[in-house]
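Student: kindly generate the corresponding structure for this input.
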Amino acid sequence: MMTKFGTTASIAASAVFLLVSVGSPGRATAFGGRHGGHCSDGGKGGFGGGVLQQVVHPCQAACFADARNCRNVARAAAVTCVNDACGAQITAARAACTPTNTMQACKSAMGNLQTCGTSCLETFHSAAGTCHDTAVQCRQACGTSS
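Tutor: Numbering: from 1, shown residues only. Alright, predicted model coming up:
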């Protein structure tokens, strides 16, 4: 039985998930992560918003800010790369991933888009890994200093 694909928001979420699903979700857990922890300043729903960590550990906070910016630049480059290299596949995925089409049609079109964008995604993951490694080295260089 074929099912209808949900909403445009689901389509966008699927595309974003596909583009970043191979990333490293564990990399954003320093200082207790965004859901709190022993070194957290409030986490998700908390009141600190990272401000307290920045005050207590400015060197490490700068490392994380640099890593976040680095990853954002890498992600933007990947989006540009996929847009430039895979225009036909993007158009096909947009047409297939509508509420009036089946999930299978969308999955097939997204698979074609992923195949087309493989080199862009590999470059993104490599760059994101470099961002992470640089952040680790930066934090180590901070040592016990603030």
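
Student: dump the helix or strand hosting Val55 to CSV, restricted to CA.
Tutor: Element membership of Val55 [criterion: DSSP states H and E] is helix 51-56. Only the C-alpha atoms of helix 51-56 are listed here, as CSV (Å, rounded to 0.1, in the frame of the first residue of the first chain):
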residue,chain,number,x,y,z
VAL,A,51,26.4,32.6,29.1
LEU,A,52,27.6,31.2,32.3
GLN,A,53,30.0,28.8,30.6
GLN,A,54,31.4,31.7,28.5
VAL,A,55,32.0,33.6,31.8
VAL,A,56,33.6,30.7,33.6
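
Student: same for the helix or strand following that helix, what does it pack against?
Tutor: Counting by DSSP H and E, the next helix or strand C-terminal to helix 51-56 is helix 58-85. The helices and strands touching helix 58-85, judged by 3 or more CB pairs under 8 Å, 6 or more residues apart in numbering; DSSP states H and E, are helix 8-20, helix 51-56, helix 103-116, helix 118-142. For the C-beta atoms, the positions are set from N, CA and C on the backbone; glycine is no exception.

Student: only the buried residues of the helix or strand following helix 58-85, if you could.
Tutor: Once the chain leaves helix 58-85, the next helix or strand it forms, by DSSP H and E, is helix 87-96. Buried residues in helix 87-96, defined by neighbour count with 16 or more other CB atoms under 10 Å: Gln89, Ile90, Ala92, Ala93, Ala96.

Student: residue contacts, Ala127?
Tutor: Counting by CB atoms under 8 Å, 6 or more residues apart in numbering, Ala127 touches Cys70, Arg71, Val73, Ala74, Ala77, Ala78.
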